[in-house]
Every structure is written in C-alpha cells, then in structure tokens.
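Enquirer: sharing a model that was predicted from the sequence below.
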Amino acid sequence: MKTRDPMSAIILAGGKSKRMGGDKALLQVSGLRLIEKIARDIEPYFQEIIIITSINSVEMYRFLPFPVVTDKEKDQGPLMGLLTGLHASKYPTNFVMACDIPEMNVFFLQKMMAFASAFDIVVPKTGENMFEPLFAFYHKRVIPYIERLLDNGVRKITKLFPLCRVKYISLEGEEWFFNLNTDEDYERYLKRLRGKR
C-alpha cells in the first residue's frame with residue numbers, strides 16, 4: 001500500500017545510546033538489525049526513507065538501501081536531526097521516528113497520517129504534557145521555527161509545538177509502543193518475541 005499523497009519517512013539514528021552501551025540501531029531482532037526491521041515495517045507506507053545520523057556514524061549504515069544524511073551540525077540533539085531530515089526529504093509531509101522503536105501499529109500510523117497534510121505537526125500524546133515527538137509527522141512548514149529555536153540555543157523538540165498547528169493523538173493504552181533504551185529493555189523484548197513463536 002502507498003499513501004495517496006507522497007510522504008517521506010525519516011529515521012533518526014544519530015543518538016549516542018549511552019544507556020544501551022552500544023548502537024541501538026544495530027541490535028539484532030529476528031535476524032535483522034533493528035534499523036532494518038523499522039525500515040521494512042514502514043517502507044510500504046512511504047515514497048522515500050532517509051536515515052539521519054552523525055558524521056562519525058555514516059559508514060555504519062551504508063548497508064541500508066536508503067540515503068544516509070549527516071546532521072548539519074554535530075551534537076545538537078534530535079531537533080537538529082529533525083531539521084536535517086526535513087531539508088533532505090523530497091516531500092512536504094514527513095514521518096519522523098527514532099531508531100529504537102521496534103514495533104509498529106499500522107492502524108495508529110494511518111490514523112496520524114490522515115491528519116498529516118492539514119497540520120504542521122501530528123504527534124502522539126501519552127498524558128498531560130507528555131508526548132512522543134520522535135514518532136510524529138512534521139510538515140516542512142516548521143523549518144523556519146526549528147531554525148529559530150536552534151539559533152536561540154533551544155534543542156528540545158517539544159518547544160516547537162507552541163509555534164505550530166499541532167494535532168495531538170492519544171497514545172494512552174497502546175501497549176505496542178515502547179522504546180529500547182537499555183539492555184534490560186532489549187532482553188525483555190527478545191523474550192516477548194520468543195513467546196510469540
């Protein structure tokens with residue numbers, strides 16, 4: 001299935017993975033590296049996939065059949081990764097996700113996608129002032145606001161929300177959504193996968 005309006009997907013793979021002790025994107029999951037699994041899961045829904053990483057990590061992702069783009073400036077956090085991805089993408093509407101979210105709920109993705117062209121940002125909300133900004137849609141219209149924030153030393157993505165037209169979609173009760181932040185998270189996930197077999 002392809003979306004009616006062309007959209008890009010941007011996978012941010014530039015994190016330092018301090019709590020994991022290694023690159024999360026390269027963890028083995030069901031015979032694939034995690035970033036491969038993520039890309040395969042979302043590829044049917046987007047016309048383009050881009051990998052954003054740091055200048056030091058480019059070669060690690062050359063095995064992927066997608067463009068690998070380096071952050072415009074290093075060590076500026078995910079907001080810089082978001083800006084880099086939006087500049088690099090072909091299409092106005094972009095789905096941006098972290099490289100440590102191993103599961104995908106297609107119905108939830110399509111629910112967000114339905115609002116993506118009409119809003120600047122479509123983002124899941126998990127509680128009062130709790131969001132998932134690295135599993136969200138961003139329109140290229142937000143680029144000037146990101147640039148302004150970064151120029152002012154602001155690196156937190158949620159600071160972008162008050163400046164834009166945002167659609168919040170509840171993620172509460174959605175047990176499929178989680179991040180692999182630690183070795184314990186990874187082990188729990190592998191055990192869960194083994195339980196499904």
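Expert: Done, it's in. Quantities reported herein were computed from a predicted structural model and do not represent experimental measurements. Numbering: from 1, shown residues only.

Enquirer: so where's the protein uncertain?
Expert: Filtered on pLDDT under 70, the chain yields the residue ranges 1-4, 14-22, 196-197.

Enquirer: pull the distance from the lengthiest helix in it to the chain's centre.
Expert: The longest helix of the chain (DSSP state H) is helix 183-196. Its chain's average C-alpha position is 21 Å from that of helix 183-196, according to C-alpha atoms, centre = their mean, to the nearest Å.

Enquirer: cool, stretch 81-96 as well?
Expert: Taking mean C-alpha positions (C-alpha atoms, centre = their mean), stretch 81-96 and its chain are 11 Å apart.

Enquirer: ok, what's across the strand from Val29?
Expert: Leu32 (DSSP bridges).

Enquirer: relative to Leu12, how far out is Val58?
Expert: For Val58, the distance to Leu12 (C-beta to C-beta, to the nearest Å) stands at 14 Å. C-betas here are computed from N, CA, C, even on glycine.

Enquirer: swap that for Trp176, sorry
Expert: 20 Å.

Enquirer: so between those two, which is more surrounded?
Expert: Legend: neighbour count by other C-beta atoms under 10 Å for Trp176 and Leu12, higher for Leu12 (24 against 12).

Enquirer: find the helix or strand that the residue lying closest to that one once chain neighbours are set aside is a member of.
Expert: In this structure, Leu12 finds its nearest non-sequential neighbour in Gly81, 4.5 Å apart by C-beta to C-beta, 6 or more residues apart in numbering. Assessed by DSSP states H and E, Gly81 sits inside helix 78-88.

Enquirer: where exactly do the helices run in the chain?
Expert: Using DSSP H, helices in the chain cover 34-42, 78-88, 106-113, 143-151, 183-196.

Enquirer: list the buried residues in the third one.
Expert: Of all the residues in helix 106-113, those buried under the rule 16 or more other C-beta atoms under 10 Å are Phe108, Leu109, Met112, Met113.

Enquirer: and for stretch 144-161?
Expert: Across stretch 144-161, burial judged by 16+ other C-beta under 10 Å covers Tyr145, Ile146, Leu149, Leu150, Ile157, Leu160, Phe161.

Enquirer: for the closest residue to the fifth one other than its chain neighbours, what are its contacts?
Expert: It stands for Ile157. Among residues not flanking Ile157 along the chain, Pro133 sits closest, at 4.1 Å (C-beta to C-beta, 6+ apart). With contacts defined as C-beta atoms under 8 Å, 6 or more residues apart in numbering, the neighbours of Pro133 are Pro78, Val123, Ile157, Thr158.

Enquirer: quick check: the farthest pair among the residues you listed?
Expert: Greatest spatial distance among the contacts of Pro133 (C-beta to C-beta): Pro78 and Val123, at 13.1 Å.

Enquirer: higher neighbour count, those two?
Expert: The neighbour comparison of Pro78 against Val123 (other C-beta under 10 Å) goes to Val123, with 24 against 20.
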